[in-house]
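Peer 1: pasting the structure only:
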């Protein structure tokens, strides 16, 4: 092989046929799915749904993403369906016709009076509540009345099923039946606006709620007339509902016998007529019981004609010879069923059905009465002809229509469970869950088809969660993971929520953290679209935390995007910020925060700016000359908005700082001068006449709070005793800025440099007799701004200061000397 000139052998071709085969391209080999049992790679089904002003992108892989709907993605205005479109939709939503020979059409017996009354009430725009026991023929009567009212309303007749449906489900179902709006779920305001303009006769079967929920349904559709069918155990409507009540009773004896003849398609014998009379008394004339009794008589006729007719279904296996239903000696005598078997005939009818039909009953009991669609029966049962089982069950009266599907007739589930059909319910439910998980996740399955099987899917997960069997919760997690995106895309959001909650619980039990995080994310997105931001925030934060622990970056990013949208809708931004243009709430001083104007306490400790040659001097802030102290008190009052804790912390901080600095200056002074402090001027003996005793120190303390207490006295030049500052513990004057009054006279002098003696004036102070006034402890005295100059200040006129006259010393940082204040 030449690496430069590549020949045909490099492309898998022979040299001889290079010219002829050059134009041909090798076809890719088909994947050996059957050889290796691997499924081909399938693309995820991503669907975009508009919910209110949100654009929801249903992503089955990383989780759904939600954002504000861009301008170009706004849906078109919903358009009303025409009469032909409504007819086609109603035909498509009807239950499928069971395979096999068509069943006879049974007439409505003894229902003509109720039928005419219902039509008259609906024609006048009144809503009616039809109440009757299960099996009384409510569904058949509703069908007849709906046919009679087809032309009464502009939007025709809308048939809905209330079985396992909420008020919100019915409102959106009515909107979808009248308006053509694919992939659109309007918000509450738009929904109510559209429903207010609908004028239709709404036939609602199997409603399961009343009271306030029914009032909400009627208030949202003021132009509709409702025909509601319920059972007596459903809560009654309120007095404000204004519903007409019609009760549906059972059939009479003659009508019951006539119905039985219609089912058997022959006249009854005397024994059969007597048996039918006893059955009528036992069943109170319910039509369903006579339909099932007619199925028993048809099976009896089959046995009388061919005693081995049901042997291939295993009917005669294991039955005793003296069984009342075993064939007689001549093969012709088959007695009638007992009265008990006629009142509860489900077990006897099922025993004479085919194997696939009985397996279908096993699955239906495991799913809580939900019958899988006939297209799923071959895969579930394992028989290619199992779809015919639906026809057998319908012919025996074991099925009843429920919306677009079939369910087991009322009372059949309990009868079959008593006969042992529920013993393997967990295994059957797990098999159904595995099948539905594969089917719902297949790309060829549309969202509408998945929604049609929603009740059976939810029933399978409900049976498995919580479960103690092997693989039950794992199968439930897989089913929820596959079905939830389909329900979201099909706008069946109540089923979506049920599936997510069941899947989240199953994932928690199974310990599958990644799947649990997915379900939490989906629940958060659903809550956001439904207008519940608090619930959405909780679910999304849980999902983000789990995915962060798993290092799932893509999933965490999707969760953060949805969480940011939740914060935006709630009016706050991530981190506690508020959108631009809104008023910022007042700050909470949970910790010390300085107010804008500082702490305006009386006499705060300040640190003046120092030069390289100066030493820090701590002094009190003195107001400008000419002030009377009002500005300081005004500042204190102006700071009333700050937190009390902040003020106390500031005062304590100033006291501690003053104490530390004072101790530092004292230690420095003691080290240099041996602890002695001298002043240029002190009080003499002659000063006693001015109110200042010679043997007592001045009351004024140093600006730093370093007044004496407990230190040895040092004689001054005039023989007086001077106490050194800074020794010992701080005095009470230094405990805070407002603990002692400040001197009302200005001070002079500047701090000296380290090691440089301070020059003092030699002028003899002028003695001015002033009357000393002692300030009260609660009064704050104003102070003057210090004047850093070496020249002595002018004497203070009498009466301008309330503080006691006397020498006031200022300790320098070096501690070598102190300058007196010239009076």
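Peer 2: Received the coordinates, thanks. This structure is a prediction, so every number in the text was calculated from the model and none was measured. Numbers count the residues shown, from 1 in each chain.
Peer 1: what is residue 402 paired to in the beta sheet?
Peer 2: Legend: beta-bridge partners of residue 402 under DSSP bridges are residue 405.
Peer 1: residues near it, how many?
Peer 2: 21 (other C-beta atoms under 10 Å). C-betas here are computed from N, CA, C, even on glycine.
Peer 1: for the one 4 residues further on, same thing?
Peer 2: The local packing of residue 406 (other C-beta under 10 Å) involves 24 other residues.
Peer 1: so what's it up against?
Peer 2: Contacts for residue 406 (C-beta atoms under 8 Å, 6 or more residues apart in numbering) come out as 95, 371, 390, 394, 399, 400.
Peer 1: which one of those has the most neighbours?
Peer 2: Highest count within those by other C-beta under 10 Å belongs to residue 371, 27 neighbours.
Peer 1: Kindly list the main-chain dihedrals of that one?
Peer 2: Residue 371 adopts backbone torsions of phi -100, psi 120, taken as degrees, to the nearest 10.
Peer 1: now the helices for the stretch 251-400 of the chain?
Peer 2: Residue ranges of the helices in the stretch 251-400 of the chain, as given by DSSP state H, counting those that start in this stretch, are 253-264, 270-283, 287-305, 339-343, 346-351, 355-366, 377, 389-395.
Peer 1: Export those as TSV, with columns for mean pLDDT and distance to residue 482.
Peer 2: Shown next, in TSV, are those (pLDDT from 0 to 100; distance: least, C-beta to C-beta, whole Å):
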stretch	mean pLDDT	distance to residue 482
helix 253-264	93	42
helix 270-283	92	43
helix 287-305	91	36
helix 339-343	90	42
helix 346-351	94	32
helix 355-366	95	19
helix 377	95	20
helix 389-395	92	25
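Peer 1: Of all the ones you listed, which one is nearest residue 497?
Peer 2: Taking C-beta to C-beta, helix 355-366 is the member of the helices of the stretch 251-400 of the chain nearest to residue 497, at 23.1 Å.
Peer 1: which residues of the chain score low on pLDDT?
Peer 2: Counting by pLDDT under 70, the chain has low-confidence residues at 1-44, 307-332, 571-643, 645, 667-823.
Peer 1: Longest helix in it, please.
Peer 2: When the chain is parsed with DSSP state H, its longest helix is helix 644-673.
Peer 1: Remind me what that one packs against, helices and strands.
Peer 2: For helix 644-673, the packing partners by 3 or more C-beta pairs under 8 Å, 6 or more residues apart in numbering; DSSP states H and E come out as strand 605-606.
Peer 1: Just give the number of residues close to the residue lying closest to residue 206 once chain neighbours are set aside.
Peer 2: Spatially, and ignoring its direct neighbours in sequence, residue 206 is nearest to residue 163 (4.1 Å; C-beta to C-beta, 6 or more residues apart in numbering). Residues lying near residue 163 (other C-beta under 10 Å) number 14.
Peer 1: tell me the contacts of residue 163?
Peer 2: By C-beta under 8 Å, 6+ apart, residue 163 lies in contact with 205, 206, 208, 402, 403, 407.
Peer 1: Mind checking which of those are buried?
Peer 2: Taking 16 or more other C-beta atoms under 10 Å as the criterion, what is buried in the contacts of residue 163 is 205, 206, 402, 403, 407.
Peer 1: ok, these vs residue 569, which is closest?
Peer 2: residue 403 (34.6 Å).
Peer 1: what's the nearest residue to that closest one if we skip its chain neighbours?
Peer 2: Leaving aside its chain neighbours, residue 403 sits nearest to residue 161 (3.4 Å; criterion: C-beta to C-beta, 6+ apart).
Peer 1: And the helices in the stretch 451-600 of the chain?
Peer 2: Taking DSSP H, counting those that start in this stretch as the test, the helices found in the stretch 451-600 of the chain are 454-464, 472-489, 493-510, 513-529, 533-549, 553-570.
Peer 1: Could you give me the buried positions within the shortest one?
Peer 2: I take that to be helix 454-464. 454, 455, 456, 457, 458, 459, 460, 461, 463, 464.
Peer 1: do stretch 494-511 as well
Peer 2: With burial defined by 16+ other C-beta under 10 Å, the residues of stretch 494-511 counted as buried are 494-500, 502-510.
Peer 1: Other residues contacting that stretch?
Peer 2: So stretch 494-511 is contacted by 165-166, 168-169, 451, 454-455, 457-458, 461-462, 464-466, 473-474, 476-477, 479-481, 483-484, 487-488, 513, 515-516, 519-520, 522-523, 526 (C-beta under 8 Å, 6+ apart).
Peer 1: Of those, just the buried ones, ChimeraX syntax please.
Peer 2: Buried subset of these, written as a ChimeraX selection, criterion 16+ other C-beta under 10 Å:
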select :165,168,169,451,454,455,457,458,461,464,465,473,474,476,477,479,480,481,483,484,487,488,515,516,519,520,522,523,526
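Peer 1: Distance check, the residue nearest to residue 206 against residue 450.
Peer 2: Here the criterion is C-beta to C-beta, to the nearest Å. By it, residue 163 lies 18 Å from residue 450.
Peer 1: mind listing the strands for the stretch 101-250 of the chain?
Peer 2: Remark: strands assigned in the stretch 101-250 of the chain by DSSP state E, counting those that start in this stretch are 128-131, 157-161, 179-180, 184-185, 201-205, 225-230, 244-247.
Peer 1: Would you convert these into a markdown table that also reports distance to residue 353?
Peer 2: Shown next, in a markdown table, are these (distance: least, C-beta to C-beta, whole Å):
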| stretch | distance to residue 353 |
| --- | --- |
| strand 128-131 | 33 |
| strand 157-161 | 27 |
| strand 179-180 | 42 |
| strand 184-185 | 42 |
| strand 201-205 | 27 |
| strand 225-230 | 29 |
| strand 244-247 | 35 |
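Peer 1: Residue 541: which of those is closest?
Peer 2: Minimum separation from residue 541 across those (C-beta to C-beta) falls at strand 184-185, 25.1 Å.
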